[in-house]
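Engineer: with the sequence up front, the predicted model follows.
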Amino acid sequence: EPEVTQTPSHQVTQMGQEVILRCVPISNHLYFYWYRQILGQKVEFLVSFYNNEISEKSEIFDDQFSVERPDGSNFTLKIRSTKLEDSAMYFCASSPPLRSSYEQYFGPGTRLTVT
Amino acid sequence: AQSVTQLGSHVSVSEGALVLLRCNYSSSVPPYLFWYVQYPNQGLQLLLKYTSAATLVKGINGFEAEFKKSETSFHLTKPSAHMSDAAEYFCAVNTPGMNRDDKIIFGKGTRLHILP
C-alpha cells in the first residue's frame, strides 16, 4: 500500500541554523500538508499546499517557515533560522484528488531537536 | 470554527475490559470525523473515519465509533482491550469546504493504559 515517507527521521540542529525537512507524498495525491506536535501536546496544523501554492497557513507558520514542491515528488518544509521552541515532531500529510472523505494520509514524522 | 474536545488525558482499563474514549466536536457544518492512534515514537495511523454514511463506523484492530449528531459526539470503543492497544489516541475533525482549503483539527489526545 502506498504511503507517505519522510526524511530524516531525526534531525538535530543548533539554534539559528536552517533545516529542511523532506516528504514524499503518495504519488497521485494533490493536496499536501505539514503539521507539528510539540512533545506532550496535540498535533497542530501548519500549512496546506495545492497547485504549487499555499492554500492556508496557521499563525505558527510565520516568515521563518516556507514550503516548496521542488519537483514532482518531494514536498519540503524549510525553517530558516531555528529556535529552541521549534523542537517538535513534524508530520507531512497528503490527500488524494477526489475529496470523498477529506482524509489525510500521514507520514511517520521527523523529530526535530534544536539545541 | 471547528474544535474537538477529548475527555480524559489518561484512561486506564484492564486487559479484556471495555475501552471507551470520549470525543465531542464542534462544527458549523457537517463534519468528517477521524480517530488516529499513535504508538510510542511512531507516526499517526488512521483507526477509522466518519464520512456521513453509516453512523456506526468500524475501524481496524476491533475499534468502532458512533457518530451522534444530537450529542455532537464521536466516542471510540472496543469491547475487549488488549495490551497492544496501549497508545495515544487522537480524535480529529475536518469539514468540507466550498473551496479546496481544509485542515484537520486534532484533539489533545487520550493516552490509553492497559492494566494486566
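Structural biologist: Happy to help now that I have it. These figures come from a predicted structure and were not determined experimentally. Residues are numbered from 1 along each chain as shown, chains lettered A, B, ... in the order given.
Engineer: going forward, measure contacts and count neighbours with C-alpha atoms only.
Structural biologist: OK.
Engineer: what does the pLDDT read for the closest residue to residue B:103 other than its chain neighbours?
Structural biologist: Leaving aside its chain neighbours, residue B:103 sits nearest to residue B:94 (6.1 Å; criterion: C-alpha to C-alpha, 6 or more residues apart in numbering or on different chains). As predicted, residue B:94 sits at a pLDDT of 87.
Engineer: and what of the one 5 residues further on?
Structural biologist: On pLDDT, residue B:99 comes in at 56.
Engineer: ok, now residue B:105?
Structural biologist: We have a pLDDT of 91 for residue B:105.
Engineer: again, but for residue A:17
Structural biologist: Residue A:17 is assigned 97 on the pLDDT scale.
Engineer: tell me how far it lies from residue A:114.
Structural biologist: Distance from residue A:17 to residue A:114, counting by C-alpha to C-alpha, to the nearest Å: 9 Å.
Engineer: settle it for me: which of the two has more neighbours?
Structural biologist: Ranked by neighbour count (other C-alpha atoms under 10 Å in any protein chain shown), residue A:17 and residue A:114 place residue A:114 first, with 19 against 12.
Engineer: go ahead and confirm the more buried one touches residue A:79.
Structural biologist: No. Taking C-alpha atoms under 8 Å as the definition, residue A:114 is not a contact partner of residue A:79, at 11.3 Å.
Engineer: point out where the chain drops to low pLDDT.
Structural biologist: Reading this off chain A. A:99-101 (pLDDT under 70).
Engineer: not quite, I wanted chain B
Structural biologist: B:96-101.
Engineer: and it, which residues reach chain A?
Structural biologist: Neighbours of chain A within chain B, by C-alpha under 8 Å from any C-alpha of the partner chain: B:32, B:42-46, B:49, B:51, B:94-96, B:100-109.
Engineer: switch to 7 Å and redo it
Structural biologist: B:32, B:42-44, B:51, B:94, B:101, B:103, B:106-109 (C-alpha under 7 Å from any C-alpha of the partner chain).
Engineer: for the nearest residue to residue A:42 once chain neighbours are set aside, what are its contacts?
Structural biologist: Nearest residue to residue A:42 in three dimensions, chain neighbours excluded: residue B:108, at 4.6 Å (C-alpha to C-alpha, 6+ apart). Shown in contact with residue B:108 (C-alpha atoms under 7 Å, 6 or more residues apart in numbering or on different chains): A:41-42, B:6, B:90.
Engineer: likewise for residue A:31?
Structural biologist: Residues counted as contacts of residue A:31 (C-alpha under 7 Å, 6+ apart) are A:49-50, A:94-96.
Engineer: could you verify that residue A:48 is part of a helix?
Structural biologist: No. Residue A:48: not assigned to a helix; according to DSSP: H, G, I helix; E, B strand; the rest coil it is strand.
Engineer: right, I'll call it a day here.
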